[in-house]
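Asks: Need the 3D shape of this:
(chains A, B, C and D)
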Number of protein chains: 4
Amino acid sequence: MEKRRKSTVVLAYSGGLDTSCILVWLKEQGYDVIAFLANIGQDEDFEAARKKAESLGAKKVFIEDLRSEFVEDFIWPSVQANAVYEDRYLLGTAVARPCIARQQVEIARKEGANFVSHGATGKIIAPWRIPEFYNRFRGRTDLMEYAQKHGIPVPVTPKAPWSMDANLMHISYESGILENPKSRAPADLYLMTKNPEDSPNTPDDLEIEFKNGVPVKVINEQEGMSKDSPLDIFSYLNDIGGKHGVGRIDIVENRFIGMKSRGIYETPGGTILLKAHLDIETFTMDKEVRRIKQGLGIKFSELIYNGFWYSPECEFVQHCINKSQENVEGKVQLSVFKGQVYILGRESSKSLYNEELVSMDVQGDYDPCDASGFIRINAVRLREHHRLQGFSSTKQ
Amino acid sequence: MEKRRKSTVVLAYSGGLDTSCILVWLKEQGYDVIAFLANIGQDEDFEAARKKAESLGAKKVFIEDLRSEFVEDFIWPSVQANAVYEDRYLLGTAVARPCIARQQVEIARKEGANFVSHGATGKIIAPWRIPEFYNRFRGRTDLMEYAQKHGIPVPVTPKAPWSMDANLMHISYESGILENPKSRAPADLYLMTKNPEDSPNTPDDLEIEFKNGVPVKVINEQEGMSKDSPLDIFSYLNDIGGKHGVGRIDIVENRFIGMKSRGIYETPGGTILLKAHLDIETFTMDKEVRRIKQGLGIKFSELIYNGFWYSPECEFVQHCINKSQENVEGKVQLSVFKGQVYILGRESSKSLYNEELVSMDVQGDYDPCDASGFIRINAVRLREHHRLQGFSSTKQ
Amino acid sequence: MEKRRKSTVVLAYSGGLDTSCILVWLKEQGYDVIAFLANIGQDEDFEAARKKAESLGAKKVFIEDLRSEFVEDFIWPSVQANAVYEDRYLLGTAVARPCIARQQVEIARKEGANFVSHGATGKIIAPWRIPEFYNRFRGRTDLMEYAQKHGIPVPVTPKAPWSMDANLMHISYESGILENPKSRAPADLYLMTKNPEDSPNTPDDLEIEFKNGVPVKVINEQEGMSKDSPLDIFSYLNDIGGKHGVGRIDIVENRFIGMKSRGIYETPGGTILLKAHLDIETFTMDKEVRRIKQGLGIKFSELIYNGFWYSPECEFVQHCINKSQENVEGKVQLSVFKGQVYILGRESSKSLYNEELVSMDVQGDYDPCDASGFIRINAVRLREHHRLQGFSSTKQ
Amino acid sequence: MEKRRKSTVVLAYSGGLDTSCILVWLKEQGYDVIAFLANIGQDEDFEAARKKAESLGAKKVFIEDLRSEFVEDFIWPSVQANAVYEDRYLLGTAVARPCIARQQVEIARKEGANFVSHGATGKIIAPWRIPEFYNRFRGRTDLMEYAQKHGIPVPVTPKAPWSMDANLMHISYESGILENPKSRAPADLYLMTKNPEDSPNTPDDLEIEFKNGVPVKVINEQEGMSKDSPLDIFSYLNDIGGKHGVGRIDIVENRFIGMKSRGIYETPGGTILLKAHLDIETFTMDKEVRRIKQGLGIKFSELIYNGFWYSPECEFVQHCINKSQENVEGKVQLSVFKGQVYILGRESSKSLYNEELVSMDVQGDYDPCDASGFIRINAVRLREHHRLQGFSSTKQ
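Replies: Coordinates of the predicted model:
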């Protein structure tokens, strides 16, 4: 790595052992270090982290509350897209990274820094990919030794035998004892959600109101509670989901670089929103638009997972999905109970649902004869196929 | 409708008011009627239905137990495909129809019948699409009157204010009071699954073993229970799922003909299998094969829903999906509790999961430097994009 | 069909035998008929048609020049999409229908008419689908007889042994002697394009300038010719393409209703534009955006072909494609000769092409080591696959 | 790079300056070098290359004629897939690489070699990505100097101001003066195809017979010529295509690594086959199977282009495409003239084309009333959409 005397680097600092060592090591390499700690909803003693960074020699420390913009600019688009990776993972970590990176680059610009410690573009220093660094620190022991030598406070509580990534949207757990894909996650692992075995024996019923495919209000009539700012809505859904043990999954997923990895996730609020949004979307969106949008949503999820939030294709897909959400509005009633979300009903002034049309008692302008024609025309092709192949659907 | 003296028609007969009236009406029109009643797992007094059909003048009555072939030939391919329509509905009705139709056509062939009363091909009589019929019977009242006049036994229990379709895979409920998309489903509607509020307070833990993407064994160690035939496996999963209230959904879906319709479904065993199969599939299948197969699975689901099981494209898609399942084998451990299925762990000799590769403690042959190269090459395109556009990811 | 005394119907009138008979027949049925003849570039004696319609009893006759809006509102979006059905057909007929229908509905509104004779919505009278009509007129002979009886002028020139659909974009030929898929199209069939065997022995070189993915100027330096209105551009490309025999195809295609049909098409200007647009688009559009847009373009083509131009999904897809064209601008140089279009070069201020980056002489910031990392990371997954499968790429 | 004394490396040797220098340099590094030269149809003095390799110190020289297997195992699957990258490039270079790599690995195995100089798997030495090599040889001048110093014969003819890749399927030209995307390709660049301006003034008419989607016979009646082995068929199509100037394109394409690159290609035989295969495929394949297969073909093309021929997803896609070709058989008549291929007609015993069904004179079992039903059912959804949106298709 090319060294520059007194270049400034904005380091995404967590307060933990790793980034503390990196902070000191970067100073050793001759950099001025600005520590940046994003508040994206993780449970953290931010003031302690600030003092620690300062004591380790950070030139400046930025601690920024990004929770509102995390919800509005990153979680909401994912809700609109029904973004789910490999049919299960709600992308809580992947969706937070571009939020942090955006702010980190912003600070680097304002502060005239030359480097950021990671992110999506520009000059980047990634110590874990630099031979001088990763050859020196081959494991936790090396880090501990380095920490002791440089007066870096070492965590006193024993480290959990897994690693963890927490934010407003989710907590993920992986590696350590979880690496064996057969081992069960210990019961005390989960921090955001109650064990459904211990969760309340009565459900909470909510009504979520959507506009443009994003929630604009959540009401809990029993509690007489109503929330209408994005952060409040999402936090409240986290509370309710967490209280009832919603959104736990244990999956093996495919990393971008092609290897498989096992992760445990809890995403309480996101899971409630996914179900509610799916409901109101199908209620208000044309069938064929939905089919096309479904494909775009899968693409969007892959792009987020692979770290391509800031890419031309992701911008393009987001623009298209956004368009599809114009009429996705209305209210969804649902019940949250013992790890599950039950849709109870929905209503919308933009619905394409036509009660008269569905009714079996009123025939309206829907003529059963039309169905015959529809079926016969659809069968033209099938008849030709069977003419050639012989009909082979009966048991062999 | 063209009448033929003493033509024979194979009628899919349910024993209910509608098909009883149709049976009599068809005889009025001059047909010999063979009644066919498929046992696909619905709760039915088959012998009573047989007697009723005979008493109404059916020339022959066939009651056939199709449950095993329903599971093996129709449910299993849906499991392999992770077949889900519009992200939620597991297709329990749609997947039963080709099973029934296949047998009905088979009977028509053996019996030399000229018509079947519905199905996917050939000469079909569909009274509800024939003006002579639907103009005569404009509602339930007309049917009741006709029944009384012709000595057709009329159901004594009052009809539930919704309609229902039941088989081994699911029960669906729709129309009547459910047509209002905002009305909640009554608590006593569900017949296959217990209300999670009343379900056991301790989970059942299962191990499901897969081969070629279909379950070959299910074990419940607590109960010392093991099942290994397709019908036994599926029935047992229905029992366990039903006991714990698994697989209830309330959705508005898009019908093939373009209108929206509200349905309530309970699919206990199918829901457990979907989750287990998703897990073992991602564990054993290459990432990129999975992406392509995911698209094919969505296509397969649409084809099933739209009634195209017997079509060249569905045969083609099924062939492709089948190929993708060759290595989908191994065991999934899961817990069923209060309406939810929790994956606990999995193992497979065909897994592409490489514990050494994921480990953060062992670097193996995975060089962090490679990641830098990978990232820089991926960024070539993004840099060109930003060169032109200017970097616009910061807040506006 | 329900008859109304003195209801008014707007009939899409061509001046030919069919629509002349329909005009008279509609009057017989008690309608007031407004004849509407769209000029979309077909070769037609419009004044003769007007007189004929009037003499047959049309209450009003509208002859409207839709050529400019046909090019701008219908052909241009198809160019942006690279719209090609089943890899070959440029959709000249399908793209004209919504243009005509839009105007016909517009006239019906202005004139307070109750019916249009076909189109995408509303009250529609389609005589060829009405039993009273199609049972009376079972072939050309019946029409001729009816014509003679009602004083409808009968064409004196013998009808070509095929049918034809002509507009500014293309002429299609089908049915009659062309129905046999093995029969060659006769040499004198083509009206828009010269036989390449007889076309000039020197090429015409053009430069086409694009903005937002549509042509804004075409220059032929040899001829000192420059065109810059949509209609002029497209007409000029038709002239040049026609002169050199460009855009003839003979295909069997799949109709919406599922049967296969053989068609001969000539689309001179459209073919030149397709090639030029493909070139400038790939030159200026990000690779991954292009992949997504390619899929949307295929969808768009199917929608147009199937008559869904005015549908929510087509509006959605068009919106997305439109977005993708924002930077598709620049100039393409090409040569037209003997049925073929040769791209010669291109330039754009919005190009993502980076000459320095491609150069083999300058290594720039592209490090060959990165490629190794990129390749090794891409191989992680392949190695795992081969670990399990054994490497089986060698000859068996 | 890790050096091993007397390790053996199989070098893909071309006889040119680059690989000659590499051969000598590898010996300098202490390797035994086996030179391997694949004959995949390029114009080469193989015996001269053998002598040169021997004189430079190759331990063994393998020159292998892979032309037949190149056609059967690599070109034929591409024909089945209609493999075209970014709508235009027929992948002549990309499809040859796995063919060469397969044989190179085969030789390495038989000879017990430890390394191959490139390819898809295993231990690979790629000098142009090794710093020791690419830092030493920064341009052609360095190579020339090294060659003179080590007695490596230096080409006497001046190098063309572009680079070239030739095989049986195509010749590609790029870099040098072609790097400027606006520069026209010089007229004397093309080696496989005649300039259409100078090509014959009379067409050649061919009949190509397909089975399983690959050509099994080509007949030129005028010439009384018939070919029926894969290599003969492809070579003959190259001759005819080359004679008439078929298959020249000039494109800017997106490389795997994300940068854009300009290439000129000539693919005479491949272009004829693409058009013929598209024709017979649509003639014999079900419409909906075709739609799915079209998507798989696009995927297949991307995989080939990106070097993933030997990958699980490519094997999967190939298996699916193969299945789709089972009924793709019959004869296509076509004419080759002045750079263009004109389809004239086709016939097949497996065709889904039904002449009676298309005919406008016979109504057969196709009832116009059915079309009304079909249209009305398709319109159910559109009516609902317009009910909400208001009909907005008229001009604003």
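
Asks: can you list the residues that contact the host helix or strand of A:G345?
Replies: Assigned by DSSP states H and E, A:G345 falls within strand A:340-347. For strand A:340-347, the external contacting residues (CB atoms under 8 Å, 6 or more residues apart in numbering or on different chains) are A:203, A:205, A:241, A:244, A:246, A:271-272, A:275-276, A:279-280, A:283, A:330-336, B:181-185, B:196, B:248-252, B:338-340. C-betas here are computed from N, CA, C, even on glycine.

Asks: what about the longest helix along chain A and chain D, touching?
Replies: Ranked by residue count, the top helix of chain A under DSSP state H comes out as helix A:368-389. Yes - using CB under 8 Å from any CB of the partner chain, helix A:368-389 reaches chain D at A:369-374, A:376-378, A:380-381, A:384-385, A:387-388.

Asks: What about chain C: which of the residues you listed touch it?
Replies: By CB under 8 Å from any CB, the members of the residues of helix A:368-389 next to chain D lying near chain C are A:377-378, A:380-381, A:384.

Asks: which residues sit in contact with the closest residue to A:G373 other than its chain neighbours?
Replies: Spatial nearest neighbour of A:G373, excluding adjacent residues (CB to CB, 6 or more residues apart in numbering or on different chains): D:G373 at 2.0 Å. Under the criterion of CB under 8 Å, 6+ apart, the neighbours of D:G373 are A:367, A:369-374, A:376-377.

Asks: Separate out the buried members of those residues.
Replies: Buried residues within the contacts of D:G373, defined by neighbour count using 16 or more other CB atoms under 10 Å in any protein chain shown: A:367, A:369-374, A:376-377.

Asks: of the residues you listed, closest to chain C?
Replies: Proximity of those to chain C (CB to the nearest CB) peaks at A:I377, which lies at 4.9 Å.

Asks: For the closest one, which non-adjacent residue is closest in space?
Replies: The shortest distance from A:I377 to any residue other than its chain neighbours is 3.9 Å, reached at D:F374 (CB to CB, 6+ apart).

Asks: So the one you found is in contact with C:N306, correct?
Replies: No - taking CB atoms under 8 Å as the contact criterion, D:F374 and C:N306 are not neighbours in contact, 11.2 Å apart.

Asks: Looking at the residue of the stretch 251-396 of chain A found nearest chain D now. What's its pLDDT?
Replies: Distance from chain D to each residue of the stretch 251-396 of chain A (CB to the nearest CB) is smallest for A:G373, at 2.0 Å. Confidence at A:G373, expressed as pLDDT, is 84.

Asks: what does A:D370 give?
Replies: We note a pLDDT of 82 for A:D370 in this prediction.

Asks: ok, it - contacts?
Replies: D:372-374, D:376-377.

Asks: One more: A:Q325?
Replies: Residues in contact with A:Q325 (CB under 8 Å, 6+ apart) are A:80, A:212-214, A:281.

Asks: again, but for A:L11
Replies: For A:L11, the residues meeting the contact criterion (CB under 8 Å, 6+ apart) are A:19, A:22-23, A:26, A:33-36, A:58, A:116-117.

Asks: could I get these as TSV with secondary structure and distance to chain D?
Replies: Listed next are those as TSV, based on DSSP: H, G, I helix; E, B strand; the rest coil; distance: CB to the nearest CB, whole Å:
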residue	secondary structure	distance to chain D
A:T19	helix	31
A:I22	helix	27
A:L23	helix	31
A:L26	helix	26
A:V33	strand	31
A:I34	strand	31
A:A35	strand	33
A:F36	strand	29
A:A58	coil	36
A:V116	strand	22
A:S117	coil	24
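
Asks: Any quick ChimeraX command for the buried ones out of those?
Replies: Buried members of the contacts of A:L11, identified by 16+ other CB under 10 Å, are gathered into one ChimeraX selection as follows:
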select /A:19,22,23,26,33,34,35,36,58,116,117
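
Asks: any chance of the contacts of A:L11 in a markdown table, plus distance to B:K350 and pLDDT?
Replies: Formatted as a markdown table, the contacts of A:L11 follow (distance: CB to CB, whole Å; pLDDT from 0 to 100):
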| residue | distance to B:K350 | pLDDT |
| --- | --- | --- |
| A:T19 | 39 | 90 |
| A:I22 | 40 | 91 |
| A:L23 | 44 | 93 |
| A:L26 | 45 | 92 |
| A:V33 | 48 | 95 |
| A:I34 | 49 | 96 |
| A:A35 | 46 | 96 |
| A:F36 | 44 | 96 |
| A:A58 | 49 | 96 |
| A:V116 | 42 | 87 |
| A:S117 | 40 | 77 |
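
Asks: Nearest to D:F234 among the contacts of A:L11?
Replies: When these are compared for distance to D:F234 (CB to CB), A:V116 wins out at 54.1 Å.

Asks: gap between that closest one and A:A108?
Replies: If you measure A:V116 against A:A108 using CB to CB, to the nearest Å, the figure is 5 Å.

Asks: Equivalent analysis for A:I375, please.
Replies: Per CB to CB, A:I375 is found 63 Å from A:A108.

Asks: same question, A:L274
Replies: For A:L274, the distance to A:A108 (CB to CB) stands at 34 Å.

Asks: cool, and A:E356?
Replies: Going from A:E356 to A:A108 by CB to CB gives 60 Å.

Asks: Then A:Y342?
Replies: Relative to A:A108, A:Y342 is positioned 46 Å away (CB to CB).

Asks: Near chain D, which residues of the stretch 251-396 of chain A are found?
Replies: A:286-288, A:327, A:350, A:352, A:354, A:357, A:366-367, A:369-374, A:376-378, A:380-381, A:384-385, A:387-388.

Asks: per-residue confidence at A:V362?
Replies: pLDDT at A:V362 comes out at 41.

Asks: Same check on A:S392?
Replies: With respect to pLDDT, A:S392 scores 42.

Asks: Now do the contacts for the residue of the stretch 51-200 of chain A found nearest chain D.
Replies: With CB to the nearest CB as the measure, the residue in the stretch 51-200 of chain A that lies nearest chain D is A:P131; the distance is 13.4 Å. By CB under 8 Å, 6+ apart, the contact set of A:P131 is B:368-369.

Asks: do that again at 10 Å, thanks
Replies: Under the criterion of CB atoms under 10 Å, 6 or more residues apart in numbering or on different chains, the neighbours of A:P131 are A:1, B:367-369, B:372.

Asks: count of residues packed around A:H319?
Replies: Taking other CB atoms under 10 Å in any protein chain shown as the criterion, the count of residues near A:H319 is 13.

Asks: what about it, which SS state?
Replies: A:H319 falls in the helix class when you classify it by DSSP: H, G, I helix; E, B strand; the rest coil.

Asks: Report the spatially closest residue to it, excluding sequence-adjacent ones.
Replies: Taking CB to CB, 6+ apart as the measure, A:H319 lies nearest to C:K323, with 5.3 Å between them; neighbours along the chain are not counted.

Asks: List phi and psi for the one you found.
Replies: When quoted as degrees, to the nearest 10, the phi and psi of C:K323 stand at phi -60, psi -40.

Asks: Same check on A:L66?
Replies: phi -100, psi 10.

Asks: which neighbours do D:F374 and C:N306 share?
Replies: Between them, D:F374 and C:N306 have C:256-257 as joint contacts when contacts are counted by CB under 10 Å, 6+ apart.

Asks: just the helices in the stretch 51-200 of chain A please.
Replies: Assigned by DSSP state H, counting those that start in this stretch, the helices in the stretch 51-200 of chain A fall at A:67-69, A:76-81, A:92-111, A:131-134, A:140-149.

Asks: Of the ones you listed, flag the one that's most buried.
Replies: Among the helices of the stretch 51-200 of chain A, helix A:76-81 has the highest mean neighbour count (mean count of other CB atoms under 10 Å in any protein chain shown), at a mean of 24.

Asks: Which elements pack onto that helix?
Replies: Where contact means 3 or more CB pairs under 10 Å, 6 or more residues apart in numbering or on different chains; DSSP states H and E, helix A:76-81 is packed against helix A:92-111, strand A:214-220, helix A:230-243, helix A:268-284, helix A:287-305, helix A:312-324.
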